[in-house]
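Novice: Give me coordinates for this.
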Amino acid sequence: MSELVSTRIRATATKLGLPHLAGCLEQFTARADSEMMGYLDFLDLILEEELAVRDERRFRSGLRLSKLPHHKTLDEYDFAFQPDLDPRKVRDLASLAFVQAKANVALLGPPGVGKTHIAVALAVAACRAGFTVYFTTLDDMVRQLKAADDIGRLLGKLHTYLRPNVLIIDEVGYQPLERAEANLVFQVISKRYEKGSTLLTSNKSFGEWGQVFGDEVLATAILDRLLHHCDVIAINGPSYRLKNRLTAVEGAATTNVA
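Specialist: Alright, predicted model coming up:
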């Protein structure tokens, strides 16, 4: 391929928004020569590589916009430490059928058992699959909505939590809410009902949600919409954080004895 043609292809690729082709033209042509590719195979290679780069760029952008606290995967979750948790149920969720069905997921259990880890791992998988994702704690969401309501911009702020395909609400139940605050949560859950997936974590059983939301009737209304299409996974094992802390303490004690 002449330098003139190469230059023209790079310029055209740049104009078409195909930066990977523009930057890797020599590698593509060298591979085509070494593998003796036909015209269609060469075109297929270029398009496949460009699509892969574009998908990766979209995935990274989605992760950045998701506000996830970290990007852990299910492969990093220690299922052996939670023997009462069936890994198949969690891995079935990673198929993202619940996202396609606009259904919900509730992860319940005491602090430290890995609820947020699983929620984030499912969110990362959803992001990889092209779904939009947004992460928030319940406390932060309520605070943001209250601030917006105080200045007359509640509807605009609600859109932040209604827009994504998957909304993760972490730490439900750690702080009790006032009734007005609980009503803001109801608006989010109600407006997302059968329109998007909500994935939440809570250290409280559903029977305790009346205390969390300060109103039994309102809590029932929230649960009614949340649980209509919902996979519920209870994790009742030991705390990972306590495990790691005990390991560190035992290691320090062994060192001191030595």
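
Novice: Surely Cys230 touches Ala106?
Specialist: Yes: taking C-beta atoms under 8 Å as the definition, Cys230 is a contact partner of Ala106 at 5.8 Å. For the C-beta atoms, the positions are set from N, CA and C on the backbone; glycine is no exception.

Novice: Compare neighbour counts for those two and give me the winner.
Specialist: Just comparing Cys230 and Ala106: by other C-beta atoms under 10 Å the higher neighbour count belongs to Ala106, 22 against 17.

Novice: Tell me both backbone torsions, phi and psi, for that one.
Specialist: Ala106 has phi and psi values of phi -120, psi 130 when expressed as degrees, to the nearest 10.

Novice: and the nearest residue to it once chain neighbours are set aside, how far is that from Asn104?
Specialist: Distance criterion C-beta to C-beta, 6 or more residues apart in numbering; nearest residue to Ala106, sequence neighbours excluded, is Val232 at 4.8 Å. Per C-beta to C-beta, to the nearest Å, Val232 is found 9 Å from Asn104.

Novice: Show me which of those two is the more surrounded one.
Specialist: When Val232 and Asn104 are compared for neighbours, Asn104 comes out ahead with 26 against 13, by other C-beta under 10 Å.

Novice: tell me the secondary structure for Val105?
Specialist: The local conformation at Val105, judged by DSSP: H, G, I helix; E, B strand; the rest coil, is strand.

Novice: Could you pull up the residues touching the residue nearest the centre of the chain?
Specialist: By C-alpha atoms, centre = their mean, the mean C-alpha position of the chain lies nearest to Ala123, the distance being 1.8 Å. Residues in contact with Ala123 (C-beta atoms under 8 Å, 6 or more residues apart in numbering) are Ser66, Leu68, Val133, Phe135, Val166, Ile168, Leu199.

Novice: correct me, but the fifth one touches Phe131?
Specialist: By that I understand Val166. Yes: Val166 lies in contact with Phe131 (C-beta under 8 Å); the separation is 5.7 Å.

Novice: And the two? Which one has more around it.
Specialist: More crowded of Val166 and Phe131, by other C-beta under 10 Å: Val166, with 26 against 18.

Novice: Provide a list of residues in contact with the more buried one.
Specialist: Here Val166 is in contact with Val99, Leu122, Ala123, Ala126, Phe131, Thr132, Val133, Tyr134, Gly196, Ser197, Thr198, Leu199 (C-beta under 8 Å, 6+ apart).

Novice: let's go with 7 Å and repeat that
Specialist: Val99, Ala123, Ala126, Phe131, Val133, Ser197, Leu199 (C-beta atoms under 7 Å, 6 or more residues apart in numbering).
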